[in-house]
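Asker: sequence and predicted model, in that order:
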Amino acid sequence: MKINLLTVGKIEDEHIDALVRHYCRRIDHYYPMQMTAVKAEKIASLTPREVLEREGKRIEAKLTEKEYVIVLDREGRTYPSEGFSRLLDQISQQSIRQITFIIGGPLGISEHVKARSNERLSLSKMTFTHEMAALFLLEQIFRACTILRGPQYHK
């Protein structure tokens, strides 16, 4: 199984980018890991609905029917780390070839993309930048890998 992190907008902060790349390398020891970014719209020139629709179309163009899609959404389900590791384990046992986690832009994710998702995941009721959300999510994916495979990282 492969893991893909799809974000609206690139990671611009060099310090966060270094940490994101660090966790991607660590996850890659367990699952092939990749990151994909789609262009973020300029919010000032469009209505919020137009922004979400355009970004949503870019996201959908990157998805296939066969992958398992998990959208990060403030209203999504929360998991303790052990529960999240069980979710990843259950997905991997379904012979799914790829999980794609999607992190939206400042306005979130279109309802159409949410409807396409298999799962909605919340990191917190708080709002984070897409960069921080990517870092927190990748750390939790790595933590889940260590919980499932036994190294003593997760305590």
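Answerer: Thanks, I have the structure now.
Asker: residue nearest the centroid of this structure?
Answerer: In the chain, the C-alpha nearest the mean C-alpha coordinate belongs to Phe101, at 2.9 Å (C-alpha atoms, centre = their mean).
Asker: mind checking the SS state of that one?
Answerer: On the three-state scheme (DSSP: H, G, I helix; E, B strand; the rest coil), Phe101 is labelled strand.
Asker: contacting residues for it?
Answerer: Ile3, Asn4, Leu5, Leu6, Ile70, Val71, Leu72, Leu121, Leu137, Ile141 (C-beta atoms under 8 Å, 6 or more residues apart in numbering). Heads up, the C-betas are built off the backbone N, CA and C, glycines and all.
Asker: beta partners for it?
Answerer: With beta bridges defined as DSSP bridges, Phe101 has these partners: Leu5, Ile70.
Asker: pLDDT wise, what is it at?
Answerer: Note for Phe101: predicted pLDDT of 98.
Asker: and what of Lys155?
Answerer: At Lys155, pLDDT is 57.
Asker: so for Pro48, what's the nearest residue that isn't a sequence neighbour?
Answerer: Leu107 (5.3 Å; C-beta to C-beta, 6 or more residues apart in numbering).
Asker: neighbours around that neighbour, how many?
Answerer: 16 (other C-beta atoms under 10 Å).
Asker: phi first, then psi, for it.
Answerer: As for Leu107, its main-chain torsions (degrees, to the nearest 10) stand at phi -100, psi 0.
Asker: distance of Met1 relative to Ala133?
Answerer: Using C-beta to C-beta, to the nearest Å, we find Met1 at a distance of 22 Å from Ala133.
Asker: this structure: helices as residue ranges?
Answerer: In the chain, the helices defined using DSSP state H lie at 14-27, 48-61, 81-92, 111-116, 130-149.
Asker: check which residues of stretch 83-91 are buried.
Answerer: The neighbour-count check on stretch 83-91 (16 or more other C-beta atoms under 10 Å) flags Phe84, Ser85, Leu87, Leu88, Ile91 as buried.
Asker: ok, the fourth one to Glu139 distance?
Answerer: Computed with C-beta to C-beta, the distance linking Leu88 and Glu139 is 14 Å.
Asker: so for stretch 76-83, mean pLDDT?
Answerer: 96.
Asker: kindly check the end-to-end length of that stretch for me.
Answerer: Using C-alpha to C-alpha, to the nearest Å, the end-to-end distance of stretch 76-83 comes to 14 Å.
Asker: can you give the contact residues for it?
Answerer: Contacts for stretch 76-83 (C-beta under 8 Å, 6+ apart): Leu87, Glu119, Arg120, Leu121, Ser122, Leu123, Ser124, Gln140, Arg143, Ala144, Ile147, His154.
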